[in-house]
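Asks: one predicted model, sequence on top.
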Amino acid sequence: METVPDVLKMVKLESRSHLFPVQLSGGERQKLAIGRALSYRPEVLIADEPTGMLDAKSCSEFYEIFQKINDLGTLVILSTHNENMIKRVGRRVVELEKGKIIKDQKGKS
């Protein structure tokens, strides 16, 4: 990604580029935060409960965004209680309880 338009496209906000952050919905602001992090071209992106307050459709969009980010070579670490997102990931899932690993399941690569 070379430019702001590329980042906005990646997080599905290109059509909202003319707005200020306060004019965006909560989910759109969450996408903007991800885009801001992507602008630094991180090797690792950590997202703590990124879909916690979002509806099912928005959660699905976030899954697609994180999948694209990962496909481009960035390691994505998600912390979530969202069972549907966990099932969709198809990658390694580590389950913690009281700070201890209780399950470490390798997914399909």
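Replies: In hand now; what should we look at? Numbering: from 1, shown residues only.
Asks: helix or strand for R29, which one?
Replies: helix 26-38 (DSSP states H and E).
Asks: which other helices and strands contact that helix?
Replies: Here helix 26-38 touches helix 4-10, strand 44-48, helix 56-71, going by 3 or more C-beta pairs under 8 Å, 6 or more residues apart in numbering; DSSP states H and E. (Glycine included, C-beta is placed from N, CA and C.)
Asks: quick check: mean pLDDT of the second one?
Replies: In other words, strand 44-48. In this model, strand 44-48 has an average pLDDT of 93.
Asks: now swap in stretch 87-94 and tell me
Replies: 82.
Asks: that stretch: which residues count as buried?
Replies: Burial within stretch 87-94, assessed by neighbour count using 16 or more other C-beta atoms under 10 Å, is assigned to V89.
Asks: picking up where we left off before, mean confidence score for the helix holding R29?
Replies: Here the average pLDDT along helix 26-38 is 90.
Asks: tell me what angle it forms with strand 44-48.
Replies: 160 degrees (axes from the mean of the first three to the mean of the last three C-alpha atoms, to 10 degrees).
Asks: now E14, nearest residue through space, not along the chain?
Replies: Spatial nearest neighbour of E14, chain neighbours left out: L8 (4.6 Å); criterion: C-beta to C-beta, 6 or more residues apart in numbering.
Asks: identify the residue nearest the residue nearest the centre of the chain in space, chain neighbours excluded?
Replies: In the chain, the centroid-proximal residue (C-alpha atoms, centre = their mean) is F66; its distance is 4.1 Å. Of all residues not flanking F66 in the chain, V76 sits nearest, at 5.0 Å (C-beta to C-beta, 6+ apart).
Asks: can the helices and strands packed on helix 26-38 go into a markdown table with extra columns for distance to T80?
Replies: Conversion of those to a markdown table gives the following (distance: least, C-beta to C-beta, whole Å):
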| stretch | distance to T80 |
| --- | --- |
| helix 4-10 | 20 |
| strand 44-48 | 8 |
| helix 56-71 | 9 |
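Asks: closest to M85 out of these?
Replies: For those, proximity to M85 was assessed by C-beta to C-beta; helix 56-71 is nearest, at 5.8 Å.
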